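Chemist: Kindly return the folded structure for what I paste below:
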Amino acid sequence: MSLLPSSQQLCLFLDVDGTLVDLAARPEDVSVPLGLIDDLVAAADRVGGALALISGRSIASIDRLFKPLRFRAAGVHGAELRRVNDGPTEMAEIVSLPADLRARLCNLADVFPGTLAEDKKASVALHYRGRPDLRDELMQAIAAELVREADPTLVVLPGHFVFDVKRKGYNKGTALASFMRMPPFKGRTPLVIGDDVTDEYAFRAALRLGGYAFSVARQVPGVTGLFESPTEVREWLKRQRLDVEEAQARKEEAPDFLSPELGELPARRIAGG
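Modeler: Next up is the predicted model:
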């Protein structure tokens, strides 16, 4: 028996890198496994379209991964929002970083060989997956640039082998809250799946609304449960689609979403979560 609300009451918020797809050395090296797009479409259909991708990537980058589909999405940690499938991308007010600061931050990738700069306008991400030994030096160099900028609205958001420089006031939690105020999300119960520190804002937002939060590959205090890997997240989504297809073959009504907490499924409940 499912521990989740019915599909008519549920909405889904899914991180991308490290959750739906495996992490790669560079963002452009990520690949979307065969069948994942079909599983996402099926999941969105089951919850009446109330599915959004929430990512540190720009929405344009999300679109390149999942083309030709253009899902509801929040990009650059909530600085960008697409309210409807195939709709326009909206940018939060006064979130873009100054061009000269973005240039100086991007230049740090040349100062520290093996690192990678990603200019997303609303933020600049400096990836050091290829040189984890440079973590502390890179952080110090970023801090020096922020001191030079003297803008108290700027913050550094750490993630999996990445530092993202952005403005205060928006994150994946504020993005989730924005979606929850609009149809088809409004009035539903949120379920979030994410792997990174940046996803914890969305975890807290979902839990405050009486929803569910599942981490990937690492235990996070207070969440509902844990998937061991992106592969297990994909298998859970695939299982949802197959359940519908099997019900259709039997000419039966599609079942509700199966909870990741059930033993037959990959995710397991965290004690006290």
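
Chemist: Name the residues that touch the helix or strand where residue 138 lies?
Modeler: Using DSSP states H and E, residue 138 falls within helix 135-149. The contact list for helix 135-149, computed with C-beta atoms under 8 Å, 6 or more residues apart in numbering, reads 98, 101, 104-105, 108, 111-112, 115, 126, 128, 154, 156, 161, 163, 165. For every residue, glycine as well, the C-beta is placed using N, CA and C.

Chemist: For residue 35, the count of nearby residues, please.
Modeler: Neighbours of residue 35 under the rule other C-beta atoms under 10 Å: 12.

Chemist: Ramachandran coordinates for the closest residue in space to it that isn't next to it in sequence?
Modeler: Spatially, and ignoring its direct neighbours in sequence, residue 35 is nearest to residue 238 (6.6 Å; C-beta to C-beta, 6 or more residues apart in numbering). Dihedral pair for residue 238: phi -60, psi -40, per degrees, to the nearest 10.

Chemist: So which of the contacts of helix 135-149 are in strands?
Modeler: In strands, judged by DSSP state E, the following of the contacts of helix 135-149 are found: 126, 154, 156, 163, 165.

Chemist: For PyMOL, what selects the buried ones among those residues?
Modeler: Per 16 or more other C-beta atoms under 10 Å, the buried members of those correspond to this PyMOL selection:
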select buried, resi 126+154+163+165
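
Chemist: Need the max-distance pair from the ones in strands among the contacts of helix 135-149.
Modeler: Using C-beta to C-beta, the two most remote members of these are 126 and 154, lying 13.8 Å apart.

Chemist: Give me the common contacts of those two.
Modeler: Shared contacts of residue 126 and residue 154 (C-beta under 8 Å, 6+ apart): residue 165.

Chemist: What is the burial count for residue 239?
Modeler: Neighbours of residue 239 (other C-beta under 10 Å): 16.

Chemist: Now residue 161. Nearest residue, chain neighbours left out?
Modeler: residue 129 (3.8 Å).

Chemist: Got phi/psi on residue 66?
Modeler: Per-residue torsions, residue 66: phi -110, psi 20 (degrees, to the nearest 10).

Chemist: residues contacting it?
Modeler: Contacts of residue 66 by C-beta under 8 Å, 6+ apart are 32, 37, 40, 53.

Chemist: circling back to that earlier point, what's the closest of the contacts of helix 135-149 to residue 65?
Modeler: Closest approach to residue 65 among the contacts of helix 135-149 (C-beta to C-beta): residue 161, at 19.1 Å.

Chemist: now stretch 194-206, how far from the centre of its chain.
Modeler: 8 Å (C-alpha atoms, centre = their mean, to the nearest Å).

Chemist: List the buried residues for that stretch?
Modeler: 194, 195, 196, 198, 199, 200, 201, 202, 203, 204, 205, 206.
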